[in-house]
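>>> This is a predicted model, with the sequence first.
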Amino acid sequence: MKSLYKTILGTMILIVMSGHANAVLRVETTTQDLAAIAKAIGGQHIEVHSLTLGTRDPHFAVAKPSMIRRVYRADLLLVIGAEMEIGWLPPLLQSARNNRVQPGNPGYLDLSQSVSLLNQIKGPVTRAMGDVHANGNPHYWLDPRNGIRMAKMIALQLEQLDPEHASSYQANFNTFEKALTVKITEWQDSLLFLKNTPVIAYHTSFVYLADAFGFNIVNEVEPKPGIAPTISSLSRLVSQIKKEQIELLIIEPYYQQRSARYLNEQTGIQIAIIPQSVGARPSIKTYIDLFDSIVKALQLKEAK
Amino acid sequence: MFFKRFPLLTIFIVSGIFSFNASELQAADDNTTLRQQLLELQQQQQNYQKQIDTLDKRLNETAKSSSTAVNTSVSSSPLKIGLSGLFATGGSSVDNSELANLQAGGHDPSKNGFTVQNVELSIGGIVDPYYDAQANIIILINAAGETVVELEEAFFTTRSLPWGLQLKGGQYFTEFGRQNKQHPHTWAFVDQPVVLSRFFGGDGLRSQGLRASWLMPTDWYSEIYFGMQNAKGETVTSFLNVAGEDIGGRTLIDRNTRGSGDLLYSARWLNGFDFSDTLSMNFGVSGLWGPNASGTSTDTQIYGTDLYLKWQPTTSQRGYPFVAWHTEILKRHYEAGDPGDNTRETLKDWGLFTQALWGFKPGWVAGLRWEYATADGNTSSDPLRDTRKRLSPNLTWHTSEYSKVRLQYNRDWTESLAEKTADTVWLQFEFSLGSHMAHKF
């Protein structure tokens, strides 16, 4: 019994030591967009992994056991916030029992605090309105200017958690910001033709993209956020598209394309499938790749 | 033996708590040295913001105000309150008294006509940096038409013990298998599996106690649970239960807890794997050991194994499509009668259920469940120990994340039933108000 006890004690000490002797910061993110930005800032000093895939809607993820293990080991957890992960992050944080990444501690970073959220709702909010987020629309990473704000917040947090490599994080942030600033000009130039044009979106997820590039989202295919379109809601859209001569419909790859195709058949409206996240397509590996692809998808309209 | 080691355990826990405080102090020091860098960065940020604003102006757009919050303050943790209601209506080829035996779960629809299966008030939240707490209060209308209010669960869970440890205490569902812990509004079928009703009674196995769990330092998810709970009460039916109840033709005596040997001990080992981005699995084994009230020194053991597999393609809308397969097998050894009693025997029962769910388009789930339960000996007239099979196809429409409608057909083959078979159709409706429900794996 005594030797068994010593073995258990020894194992426990080893586990604890291995946890603290870890030189590289373990960063877990709730989306691949956050992982891509964190990688650009953290470089070789961090090990970064996203809990969800960019091909899926992050709102509807489930707290899988493998995630519990990952969050338990994490030094820093980056989240989108603004209720995006409300269905699965709270139970995950409880199961993961990792004090470092609990809200309020330096290992928990809610990136929605780095930007000003659009669509904040004043006045009463009820679920009769669909999936409405009173604190603001959570799809803010789709404005590349917000990418800079997010990157900065991540850099500051990495510096606080790992002061030894602070200069590296600062340098990486500067590089990232310069590259992105140059690209933003390019992207805005390429999309000048979209300025002030009316656009239909499938879900209320492109308000930041519209804000960044100056087009107007005049309606959504979903009659209420998260509520599937019906025959009558689609026929109302058909008349609106015809009346207002709307030429572009934008939709994420993970939504069923049936309603969009129906609208296309009825009105000739063009459909642009917008990869909404890093990882939405295998070729999109960085935050800059993401907007290169989005801009390319939006330019389909110009090619007409 | 346990108590000899207890001081050491205390030292572990206390030293763990101190190490947290130390790291917080460290963080505070870093904070002051970083404030300087922060200011520099803020200046830098302002310069870049100007560039960004210039870009904005090129689009003749009102530049968005720069509100780069650099603190990491978090909104306070409000109380999470939810109310869910579960209602059913249906009809069966058998009458109400026979139907009550077929639908032995306390939340099962169990009569021809309408059933209020479960109205549940759930209140929970974060107590402080060390504890979470939750209470679930259920209100239901039983087969006799009486309203029953019950404290289903009320427990605390630790948030930040070191080394992957977690304690839970209070009144709670025992961690045995996958289904036992689930509340009726998260069930995939309108009723609970037959074998669970037989071994754990109508309301699931739950009691007052304390359990520890350890998230093991393996590469995959692996967690061990060990618990101690009171063995007495109507929600601990295979153990001390309530005096006067029957099992296998014997009437239970009033047996009390005299020492630690009269508690219910539970153990569970749960593993989780991701085979790929699209396929995940949970595999668990569970055991229960405790006294039963058929005699003064009789014991019961229950063992179970559970498997859950879920497939979801890499591209999915609102969590659809998916395929999930859930199977549990349970076995019970029930010592009936004290040594020296010449009718002493060991009642051996076992059963299984296996169910598949297919979420074929957003909001729509088709399900199929097959069940089997039996016992050794001549039990054909005992509705809780006869040989029984049940096949249940169903279709669920989740109108939103907060409501659903479900249609289910049950085909029963039951030895104890005069007709031997029964056909039943149920229509179920659920709403949930308040806090957002968790998306469980």
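Right, received. Where do you want to start?
>>> use CA for all of it now, contacts and neighbours both
Will do.
>>> Make sure I have this right: residue A:188 is in a strand.
No: counting by DSSP: H, G, I helix; E, B strand; the rest coil, residue A:188 is not found in a strand; it is helix.
>>> can you count the residues close to it?
The number of residues packed near residue A:188 is 20, by other C-alpha atoms under 10 Å in any protein chain shown.
>>> Tell me where the stretch 1-150 of chain A has strands.
Listed in chain order, the strands of the stretch 1-150 of chain A (DSSP state E, counting those that start in this stretch) span A:25-29, A:46-50, A:76-79, A:108-110.
>>> For chain B, find the nearest of the ones you listed.
With C-alpha to the nearest C-alpha, the closest approach to chain B among the strands of the stretch 1-150 of chain A belongs to strand A:108-110: 6.3 Å.
>>> for that closest one, packing partners?
Using 3 or more C-alpha pairs under 8 Å, 6 or more residues apart in numbering or on different chains; DSSP states H and E, the elements in contact with strand A:108-110 are strand A:76-79.
>>> So what's the gap between the strand it packs on and the chain middle?
From the chain centre to the centre of strand A:76-79 is a distance of 12 Å (C-alpha atoms, centre = their mean, to the nearest Å).
>>> same thing with stretch B:138-149?
Centre to centre, stretch against its chain (C-alpha atoms, centre = their mean), the figure for stretch B:138-149 is 22 Å.
>>> Could I get the buried residue list for that stretch?
B:138-143 (16 or more other C-alpha atoms under 10 Å in any protein chain shown).
>>> one step back: and the strands of the stretch 1-150 of chain A as a markdown table, adding mean neighbour count?
Converted to a markdown table, the strands of the stretch 1-150 of chain A look like this (neighbours: other C-alpha atoms under 10 Å in any protein chain shown):
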| stretch | mean neighbour count |
| --- | --- |
| strand A:25-29 | 23 |
| strand A:46-50 | 20 |
| strand A:76-79 | 23 |
| strand A:108-110 | 24 |
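>>> Measure how buried the nearest residue to residue B:440 once chain neighbours are set aside is and give me the count.
Leaving aside its sequence neighbours, residue B:440 sits nearest to residue A:62 (C-alpha to C-alpha, 6 or more residues apart in numbering or on different chains; 5.6 Å). A total of 21 residues lie near residue A:62 under the criterion other C-alpha under 10 Å.
>>> so residue A:62 makes contact with residue B:320?
No: Residue A:62 is not in contact with residue B:320 according to C-alpha atoms under 8 Å; the separation is 11.9 Å.
>>> if we can go back for a sec, let me have the strands of the stretch 1-150 of chain A in a markdown table, extended by mean pLDDT and distance to residue B:103.
Below are those laid out as a markdown table (pLDDT from 0 to 100; distance: least, C-alpha to C-alpha, whole Å):
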| stretch | mean pLDDT | distance to residue B:103 |
| --- | --- | --- |
| strand A:25-29 | 97 | 45 |
| strand A:46-50 | 97 | 44 |
| strand A:76-79 | 98 | 44 |
| strand A:108-110 | 97 | 47 |
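>>> need those strands in TSV with distance to residue A:204, can you?
As requested, those are exported to TSV (distance: least, C-alpha to C-alpha, whole Å):
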stretch	distance to residue A:204
strand A:25-29	23
strand A:46-50	24
strand A:76-79	20
strand A:108-110	21
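>>> Relative to residue A:178, tell me which of the ones you listed wins on proximity.
Ranking those by distance to residue A:178, with C-alpha to C-alpha as the measure, places strand A:46-50 first at 21.5 Å.
>>> and that closest one with chain B, contact?
No: judged by C-alpha under 8 Å from any C-alpha of the partner chain, strand A:46-50 stays clear of chain B, getting no closer than 11.9 Å.
>>> what residues does that strand touch?
A:24-32, A:34-35, A:38-39 (C-alpha atoms under 8 Å, 6 or more residues apart in numbering or on different chains).
>>> just the CA coordinates of it, formatted as PDB?
Extracted C-alpha coordinates of strand A:46-50, given in PDB (Å, rounded to 0.1, in the frame of the first residue of the first chain):
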ATOM      1  CA  ILE A  46       2.400  29.900 -28.700                       C
ATOM      2  CA  GLU A  47       0.600  26.700 -29.500                       C
ATOM      3  CA  VAL A  48      -2.800  27.700 -30.900                       C
ATOM      4  CA  HIS A  49      -5.800  25.500 -31.600                       C
ATOM      5  CA  SER A  50      -9.400  26.300 -32.500                       C
END
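>>> That one relative to strand A:25-29, how many degrees between them?
20 degrees (axes from the mean of the first three to the mean of the last three C-alpha atoms, to 10 degrees).
>>> how distant is strand A:46-50 from the center of its chain?
Chain-centre distance of strand A:46-50: 15 Å, with C-alpha atoms, centre = their mean.
>>> Sheet-wise, list the partners of that strand with their directions.
strand A:25-29 (parallel) (DSSP bridges).
>>> what ranges of chain A fall below the confidence cut-off?
Across chain A, the ranges flagged by pLDDT under 70 are A:1-23, A:301-304.
>>> The chain - how does it break down into domains?
Looking at chain A here, since you left the chain open. Using automatic domain parsing, the domains assigned to chain A come out as A:20-185, A:187-299.
>>> Wait, chain B was what I had in mind.
Per the record, chain B has its domains at B:1-72, B:80-434, by automatic domain parsing.
>>> Reformat those as JSON lines; add distance to residue A:71 and mean pLDDT.
JSON lines is the format used below for the domains of chain B (distance: least, C-alpha to C-alpha, whole Å; pLDDT from 0 to 100):
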{"stretch": "domain B:1-72", "distance to residue A:71": "17", "mean pLDDT": "48"}
{"stretch": "domain B:80-434", "distance to residue A:71": "11", "mean pLDDT": "93"}
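>>> Pick the most deeply packed of those domains.
Ranked by mean neighbour count, these are led by domain B:80-434 with a mean of 19 (mean count of other C-alpha atoms under 10 Å in any protein chain shown).
>>> which residues of the chain fall in helices?
If you meant another chain, say so; for now it's chain A. Assigned by DSSP state H, chain A shows helices spanning A:2-20, A:32-42, A:65-73, A:89-96, A:144-161, A:166-190, A:207-213, A:231-244, A:258-267, A:287-299.
>>> You answered for a different chain; I wanted chain B.
With DSSP H as the criterion, chain B has helices spanning B:2-58, B:96-102, B:194-200.
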